[in-house]
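> Predicted coordinates and the sequence they were generated for:
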Amino acid sequence: MRRRLAVTPVQFRRVTYVALAALSLIVLTGAAVRLTGSGLGCPTWPRCYGNVYPPLTTHALIEFGNRALSGFVGLVCGVVAVLAFTRRPFRRDLAWLAVSLPLGVVAQAVLGGFTVREKLAPGFVMSHFLLSMVILIFAVALAWRATFEPGSRPRSSDRLAVWSVRALAPLGALTLFAGTAATAAGPHAGGSPGQTIKRLDFKGADTLKWVVQQHGTAGVLLGVTAIAVWLLYRRRGAPSRMMDPLTTLGVLLAAQGLVGAVQYELQLPADMVWIHVGLATATWLTIMWSIAAAGRLVPRTASAPEPAAEPRGEGIRVPDPVGRAS
């Protein structure tokens, strides 16, 4: 059976990207459940109204459809985990990362059940989205590592450049957290008319305005830092394969700022909020891409003294292109 399931590094790399795409898609469908007011379309879990199949109502079908899609995503992640052990040659690092994906989907399912049971309490809803972002970290790491063989990626000795890119991750996480709080305090609590849904209201009627301001501040800080990192890499003459993710990140952040401002002025229409969530997911993935492209650092004990005058474009060591490494 192991011989029949054996896959090459190229084949395994492809399935990791399929899993990454599936895990990204489920974020968007989950947001659609909330924004259509279908969060309690199936008020029981794991069954819908105690039955295997949902009733033929819009909210129930949307909610149950997301659950079914989550099951498909879990199946895809399970296949990736199995293939990680049949990949030839076997790599322990890929196996650990691959196993984390189905475990993450199971954790999401359990958290989703508590979210329904607690009638979409803000803390559970926020955790549901943030856990998806954590799972995407492992999915990106798996796909990136599967793209290269051990030792094929030269390490970087430019600590300032690498750590400046890594600083984008906590800023991005802070912005995402503030964004989930803004959604939890806003009009899209996830319930349909007639349902009592809890909202984030620790400042009463001013909660939404206050949270949106904090979210905007975090977004601006992230944007300014991303521009500074882009300028740093450009000054160091970084090649396009390192500049591309940073440039993409800048474009996404600009689009996020525009969409966020417009949706707030329009009283948060659901379709624009959904676009905002999609851009947030793409931004988070791009941050992970930027960190991966920056590479790993040479240990301090192994670092060689820097030359007095280094030619432009060689200050940052980068991995070989995907096609050459594989």
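Received, thanks.
> chain center to stretch 94-110, what's the gap?
Distance of stretch 94-110 from the chain centroid (CA atoms, centre = their mean, to the nearest Å) equals 14 Å.
> typo on my end, it should be stretch 3-13
Worked out by CA atoms, centre = their mean, stretch 3-13 lies 26 Å from the chain centre.
> Export that stretch to PDB, keeping only CA atoms.
Output of stretch 3-13 as PDB, limited to C-alpha atoms (Å, rounded to 0.1, in the frame of the first residue of the first chain):
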ATOM      1  CA  ARG A   3       4.400   1.700  -2.600                       C
ATOM      2  CA  ARG A   4       1.100   2.400  -4.300                       C
ATOM      3  CA  LEU A   5       0.700   5.700  -2.500                       C
ATOM      4  CA  ALA A   6       4.300   6.800  -2.900                       C
ATOM      5  CA  VAL A   7       4.600  10.300  -4.400                       C
ATOM      6  CA  THR A   8       7.500  12.300  -5.800                       C
ATOM      7  CA  PRO A   9       8.500  15.600  -4.300                       C
ATOM      8  CA  VAL A  10       6.900  17.400  -7.200                       C
ATOM      9  CA  GLN A  11       3.600  15.600  -6.700                       C
ATOM     10  CA  PHE A  12       3.600  16.200  -3.000                       C
ATOM     11  CA  ARG A  13       4.400  19.900  -3.500                       C
END
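> Can you give the contact residues for that stretch?
15, 82-84, 86-89, 94, 143, 146-147, 149, 326 (CB atoms under 8 Å, 6 or more residues apart in numbering). C-beta coordinates here come from the backbone N, C-alpha and C atoms, glycine included.
> do that again at 7 Å, thanks
Stretch 3-13 is touched from outside by Val82, Leu83, Thr86, Arg87, Arg88, Ala146, Thr147, Ser326, with contacts defined as CB atoms under 7 Å, 6 or more residues apart in numbering.
> And the helices in the stretch 151-300 of the chain?
With helices called from DSSP state H, counting those that start in this stretch, the stretch 151-300 of the chain shows them at 159-166, 168-185, 207-235, 240-265, 270-294.
> Quick one: list the elements packing against the host helix or strand of Arg145.
In the assignment (DSSP states H and E), Arg145 maps to helix 122-147. Contacting helix 122-147 under the criterion 3 or more CB pairs under 7 Å, 6 or more residues apart in numbering; DSSP states H and E are the following elements: helix 9-35, helix 92-117, helix 168-185, helix 270-294.
> Could you dump those helices into TSV with mean neighbour count and distance to Gly237 added?
Formatted as TSV, the helices and strands packed on helix 122-147 follow (neighbours: other CB atoms under 10 Å; distance: least, CB to CB, whole Å):
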stretch	mean neighbour count	distance to Gly237
helix 9-35	19	29
helix 92-117	18	31
helix 168-185	21	20
helix 270-294	21	15
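> Low-confidence ranges, the stretch 1-150 of the chain, go.
For the stretch 1-150 of the chain, the stretches flagged by pLDDT under 70 are 1-2.
> hmm, 90 instead?
1-6, 31-60, 62-68, 112-125, 148-150 (pLDDT under 90).
> Domain-wise, how is the protein divided?
With domains defined by automatic domain parsing, the chain comprises 1-152, 154-326.
> and the spatially closest residue to Gly216 that is not a sequence neighbour, how far is that from Thr58?
Spatially, and ignoring its direct neighbours in sequence, Gly216 is nearest to Gly260 (7.1 Å; CB to CB, 6 or more residues apart in numbering). Between Gly260 and Thr58 the computed distance is 28 Å (CB to CB, to the nearest Å).
> same check, this time on Ala121
For Ala121, the distance to Thr58 - CB to CB - is 24 Å.
> neighbour count winner among those two?
Each of Ala121 and Thr58 has its neighbours counted (other CB atoms under 10 Å); Ala121 has more, 17 against 12.
> Extract the CA atoms of stretch 44-59 and return them as PDB.
Provided in PDB are the C-alpha atoms of stretch 44-59 (Å, rounded to 0.1, in the frame of the first residue of the first chain):
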ATOM      1  CA  THR A  44     -27.500  22.400  16.800                       C
ATOM      2  CA  TRP A  45     -24.100  20.800  16.100                       C
ATOM      3  CA  PRO A  46     -23.000  18.500  14.500                       C
ATOM      4  CA  ARG A  47     -26.400  17.800  13.200                       C
ATOM      5  CA  CYS A  48     -28.800  20.400  11.900                       C
ATOM      6  CA  TYR A  49     -32.000  20.600  14.000                       C
ATOM      7  CA  GLY A  50     -31.100  17.200  15.100                       C
ATOM      8  CA  ASN A  51     -31.200  15.700  11.600                       C
ATOM      9  CA  VAL A  52     -28.500  14.600   9.200                       C
ATOM     10  CA  TYR A  53     -29.700  16.900   6.500                       C
ATOM     11  CA  PRO A  54     -30.700  20.500   6.900                       C
ATOM     12  CA  PRO A  55     -34.300  21.800   6.200                       C
ATOM     13  CA  LEU A  56     -34.800  23.600   2.900                       C
ATOM     14  CA  THR A  57     -34.400  27.100   4.200                       C
ATOM     15  CA  THR A  58     -31.800  29.600   3.000                       C
ATOM     16  CA  HIS A  59     -29.900  30.100   6.300                       C
END
